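S.K.: structure here, sequence nowhere to be found:
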């Protein structure tokens, strides 16, 4: 597997095609090559994973300044279905980390659906992110993607690249289903509404999300030590 920067018109077209393939996006929802071209000019990062000459995954990030910090927001990470669970996403994230650190930036942020257990394990256990923000319908009530049948609620996570994860106390737990897609739509909505209320309540009380345990299906939230 080769990881390299993407910057040509052909690269951008391949990324557009992958958004359609992996997420089922319509042309209206696709991030197009013109956006990527501008993002790269102002410090963005666009990486591709190649098996031979075939693009099998990509990650994108936009440079920004938020809450007093320079950061890169990692907007998309897509892997072809046949290459899932083969470490491609991890390789792309580590390469993105290297690029961002070389820019003198020490944090990467992104969002993900808190009901996606595989993503929760990857983000909290493999990468070590933290989260103190819950966004309701961050991308609107729905999109053209088949993944957005119960709204677009997101956890906004932060990957601190040059410092250890903060230590907390007084743990609390929020459970999610192991496979949200296997449940009937009404049950999915019940989980969405329940966990939305739980995350918002805990975060309002000063908790941050520090871990996800795939064996129990539970997030751990903690109060930060002063």
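M.R.: Cool, the structure landed. In this text, all values refer to a predicted model and were calculated from it rather than measured experimentally. Residues are numbered from 1 along each chain as shown.
S.K.: low pLDDT regions in this structure?
M.R.: 141-149, 226 (pLDDT under 70).
S.K.: try 50 this time
M.R.: 144 (pLDDT under 50).
S.K.: mind giving me the domain split of it?
M.R.: 1-105, 106-226 (automatic domain parsing).
S.K.: kindly check the end-to-end length of the first one for me.
M.R.: For domain 1-105, the separation between the terminal residues is 26 Å (Cα to Cα, to the nearest Å).
S.K.: ranges for the helices of this protein?
M.R.: Ranges of helices in the chain, per DSSP state H, are 9-23, 33-41, 88-102, 117-120, 185-204.
S.K.: now those in CSV, with distance to residue 49 and mean neighbour count?
M.R.: C-betas here are computed from N, CA, C, even on glycine. Formatted as CSV, these follow (distance: least, Cβ to Cβ, whole Å; neighbours: other Cβ atoms under 10 Å):
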stretch, distance to residue 49, mean neighbour count
helix 9-23, 11, 16
helix 33-41, 16, 15
helix 88-102, 5, 18
helix 117-120, 17, 18
helix 185-204, 30, 15
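S.K.: make JSON lines from those helices and add distance to residue 138 to it.
M.R.: As requested, the helices of the chain are exported to JSON lines (distance: least, Cβ to Cβ, whole Å):
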{"stretch": "helix 9-23", "distance to residue 138": "15"}
{"stretch": "helix 33-41", "distance to residue 138": "18"}
{"stretch": "helix 88-102", "distance to residue 138": "20"}
{"stretch": "helix 117-120", "distance to residue 138": "15"}
{"stretch": "helix 185-204", "distance to residue 138": "12"}
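S.K.: nearest to residue 153, out of these?
M.R.: Proximity to residue 153 (Cβ to Cβ) singles out helix 185-204 among the helices of the chain, at 5.9 Å.
S.K.: ranges for the strands of the protein?
M.R.: 2-5, 45-51, 54-66, 69-79, 107-112, 130-135, 154-160, 168-175, 207-213, 218-224 (DSSP state E).
S.K.: any chance of those in TSV, plus mean neighbour count?
M.R.: As requested, these are exported to TSV (neighbours: other Cβ atoms under 10 Å):
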stretch	mean neighbour count
strand 2-5	13
strand 45-51	21
strand 54-66	19
strand 69-79	19
strand 107-112	21
strand 130-135	18
strand 154-160	20
strand 168-175	14
strand 207-213	21
strand 218-224	19
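S.K.: reformat those strands as JSON lines; add distance to residue 20.
M.R.: Shown next, in JSON lines, are those (distance: least, Cβ to Cβ, whole Å):
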{"stretch": "strand 2-5", "distance to residue 20": "22"}
{"stretch": "strand 45-51", "distance to residue 20": "16"}
{"stretch": "strand 54-66", "distance to residue 20": "13"}
{"stretch": "strand 69-79", "distance to residue 20": "10"}
{"stretch": "strand 107-112", "distance to residue 20": "20"}
{"stretch": "strand 130-135", "distance to residue 20": "25"}
{"stretch": "strand 154-160", "distance to residue 20": "22"}
{"stretch": "strand 168-175", "distance to residue 20": "33"}
{"stretch": "strand 207-213", "distance to residue 20": "29"}
{"stretch": "strand 218-224", "distance to residue 20": "32"}
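S.K.: residue 17: which of those is closest?
M.R.: strand 54-66 (8.5 Å).
S.K.: show me what the closest one is packed up against.
M.R.: helix 9-23, helix 33-41, strand 45-51, strand 69-79, helix 88-102 (3 or more Cβ pairs under 8 Å, 6 or more residues apart in numbering; DSSP states H and E).
S.K.: need those in CSV with distance to residue 189, can you?
M.R.: Below are those laid out as CSV (distance: least, Cβ to Cβ, whole Å):
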stretch, distance to residue 189
helix 9-23, 21
helix 33-41, 32
strand 45-51, 35
strand 69-79, 26
helix 88-102, 28
